[in-house]
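Peer 1: Sequence first, then the predicted structure:
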Amino acid sequence: MQYTTTYRSPLGEILLACDAAGLTGLWFEGEKFYAFGLDSEHEEKETPVFTETRQWLDIYFSGREPDFMPPLHMIGSHFQLSVWELLTQIPYGETATYGDLAKRVAKKRGLSRMSAQAVGGAVGHNEISIIVPCHRVVGTDGSLTGYAGGVERKKKLLTLEGVDMTRLFVPTKGTAL
């Protein structure tokens, strides 16, 4: 059984979902894949997972790096899980490129190369945004693309973390806006 609650962030309302194992979803209202993966049968209920998640988010949105992780229950394919695990390793205040992640996935799987587009698809379907920091992934050229919560939110999250934004830009055209 999944449970839900909401969190009011400075960047808009967030829907949280969890099960007995941990947090299963964190979506900004109106984002591209809002509530994707949420069981049709769920109940609004306060849980210890939500208490920890709210505490984590309060610290994060105050401009500090949380020093703990709420329990997570990432649900996806083996490939998605491997990409999402790499997302959790991108340090606060830093970025990685889709190409960087593709090289790391390829190495981990014993392959000579991996498609950055395939990695981008997995990054884009991350159900636990912010905590599993998909907003820290940028294009090789510094483009801010591919954030289901919207490019403006991505910019604000990176700025909140103190990322040097001088080399990053929002592209004027493309399919990943």
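Peer 2: Yep, that arrived. This one's a predicted model, so the numbers in the text were calculated from it and none came from an experiment.

Peer 1: List the buried residues for whichever helix or strand Asp100 is part of?
Peer 2: Assigned by DSSP states H and E, Asp100 belongs to helix 98-109. Neighbour-count burial for helix 98-109 flags 98, 100-105 (criterion: 16 or more other C-beta atoms under 10 Å). Every residue, glycine included, has its C-beta placed from N, CA and C.

Peer 1: That helix - contacts with which helices or strands?
Peer 2: Judged by 3 or more C-beta pairs under 8 Å, 6 or more residues apart in numbering; DSSP states H and E, helix 98-109 is in contact with helix 78-87, helix 116-124, strand 137-138.

Peer 1: mind giving me CSV with those and columns for mean pLDDT?
Peer 2: Below are the helices and strands packed on helix 98-109 laid out as CSV (pLDDT from 0 to 100):
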stretch, mean pLDDT
helix 78-87, 97
helix 116-124, 94
strand 137-138, 96
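
Peer 1: Buried deepest among the ones you listed, which one?
Peer 2: strand 137-138 (a mean of 24; mean count of other C-beta atoms under 10 Å).

Peer 1: Please work out which residues outside that one touch it.
Peer 2: 87, 90, 95-98, 101, 120, 123, 144-146, 168 (C-beta atoms under 8 Å, 6 or more residues apart in numbering).

Peer 1: average pLDDT for the top helix by length along the chain?
Peer 2: Longest helix of the chain, by residue count under DSSP state H: helix 48-61. Averaged across helix 48-61, pLDDT comes to 98.

Peer 1: quick one: the residue lying closest to Glu94 once chain neighbours are set aside from Ser129, how far?
Peer 2: Among residues not flanking Glu94 along the chain, Arg136 sits closest, at 6.7 Å (C-beta to C-beta, 6 or more residues apart in numbering). Separation of Arg136 from Ser129 (C-beta to C-beta, to the nearest Å): 11 Å.

Peer 1: With Asp141 instead?
Peer 2: Distance from Asp141 to Ser129, by C-beta to C-beta: 23 Å.

Peer 1: higher neighbour count, the two?
Peer 2: A count of neighbours by other C-beta atoms under 10 Å puts Ser129 above the other of Asp141 and Ser129, at 23 against 11.

Peer 1: Just the pLDDT for that one.
Peer 2: Reported pLDDT for Ser129: 96.

Peer 1: who's in contact with it?
Peer 2: Contacts of Ser129 (C-beta under 8 Å, 6+ apart): 26-28, 31, 135, 147-149.

Peer 1: Let's see the PyMOL selection covering just the buried ones among those.
Peer 2: Buried members of these, defined by 16+ other C-beta under 10 Å, are picked up in PyMOL with:
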select buried, resi 26+27+28+31+135+147+148+149
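
Peer 1: which residue is nearest the middle of the protein?
Peer 2: In the chain, the centroid-proximal residue (C-alpha atoms, centre = their mean) is Ser129; its distance is 2.7 Å.
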